[in-house]
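Engineer: mind looking at a prediction? Sequence and model below.
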Amino acid sequence: MSNVAAETSSNVFYKARCVASKYNEQLKSREGAAEIMAIDRGRLYRIEKGVANPYPEEIHLMSGLYNAPELENYYCTSICPLGVNIPKADISSLDRISLRAVYVLREMDSVQKLLVDITADGVVSTDEVAGMHKILGTLEELEQVTQSLKLWVKKNL
């Protein structure tokens, strides 16, 4: 896997195959990976070079074969036009994800109180809009931490 162009070496799909090749000799070559996935090696080349976007089925194959569930999140948040609002998850260390989760969960107490205060009368007034944005931001943070933890578990267990 030496002698690779810069745009290919920075490609997330190429990187995932390189990591997986440490555990599966056949993945060291694009031909071997394409054969296992039953796709054209030229197509895999174009995906790894960034010239072509993979199909969802190809992402599913790569994700499973490479033990890289993060490819699914990457595809959904970066390539699929429907996924622009899906939080980007990252696979960091379990202790880092856990600390972020504890931090966000601690914030949930104040968010819960704020939500009850704002919605008690059934109307969100103009002076309560900022509070609703704070609630939304905290929920999005919680969603991102949850996705990161799910990816860590899928990848490591």
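Structural biologist: Cool, the structure landed.
Engineer: switch to C-alpha atoms for all contacts and neighbour counts from now on
Structural biologist: Fine.
Engineer: what about the helices in this structure?
Structural biologist: Applying DSSP state H to the chain gives helices spanning 6-9, 12-20, 30-37, 41-49, 56-65, 70-74, 94-119, 129-156.
Engineer: redo those as TSV? Include mean neighbour count and mean pLDDT.
Structural biologist: Compiled in TSV, the helices of the chain are given as follows (neighbours: other Cα atoms under 10 Å; pLDDT from 0 to 100):
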stretch	mean neighbour count	mean pLDDT
helix 6-9	14	78
helix 12-20	19	97
helix 30-37	17	97
helix 41-49	18	97
helix 56-65	17	97
helix 70-74	20	94
helix 94-119	14	95
helix 129-156	17	94
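Engineer: adding distance to residue 83, write these out as TSV.
Structural biologist: As requested, the helices of the chain are arranged in TSV below (distance: least, Cα to Cα, whole Å):
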stretch	distance to residue 83
helix 6-9	24
helix 12-20	17
helix 30-37	25
helix 41-49	19
helix 56-65	12
helix 70-74	9
helix 94-119	22
helix 129-156	13
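Engineer: and residue 111, what does it touch?
Structural biologist: Residue 111 makes contact with 134-135, 138, according to Cα atoms under 8 Å, 6 or more residues apart in numbering.
Engineer: go on, residue 127?
Structural biologist: Counting by Cα under 8 Å, 6+ apart, there are no residues that residue 127 touches.
Engineer: and for the one 5 residues further on?
Structural biologist: Neighbour list for residue 132: 115, 118 [criterion: Cα under 8 Å, 6+ apart].
Engineer: roughly how far does it sit from residue 66?
Structural biologist: Noted for residue 132: a distance of 41 Å to residue 66, by Cα to Cα, to the nearest Å.
Engineer: same check, this time on residue 9
Structural biologist: Using Cα to Cα, residue 9 is found at 16 Å from residue 66.
Engineer: just to revisit the earlier point, what is the nearest of the contacts of residue 111 to residue 55?
Structural biologist: residue 138 (32.4 Å; Cα to Cα).
Engineer: first-to-last residue distance for stretch 49-57?
Structural biologist: 18 Å.
Engineer: residue farthest from the centroid of the protein?
Structural biologist: residue 121 (38.1 Å; Cα atoms, centre = their mean).
Engineer: convert the C-alpha atoms of stretch 133-140 to CSV, please.
Structural biologist: The C-alpha coordinates for stretch 133-140 follow below in CSV (Å, rounded to 0.1, in the frame of the first residue of the first chain):
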residue,chain,number,x,y,z
HIS,A,133,-32.0,26.7,21.8
LYS,A,134,-30.0,25.8,24.9
ILE,A,135,-32.2,22.7,25.3
LEU,A,136,-31.8,21.7,21.7
GLY,A,137,-28.0,22.2,21.9
THR,A,138,-27.7,19.9,24.9
LEU,A,139,-29.9,17.3,23.3
GLU,A,140,-27.7,17.4,20.1
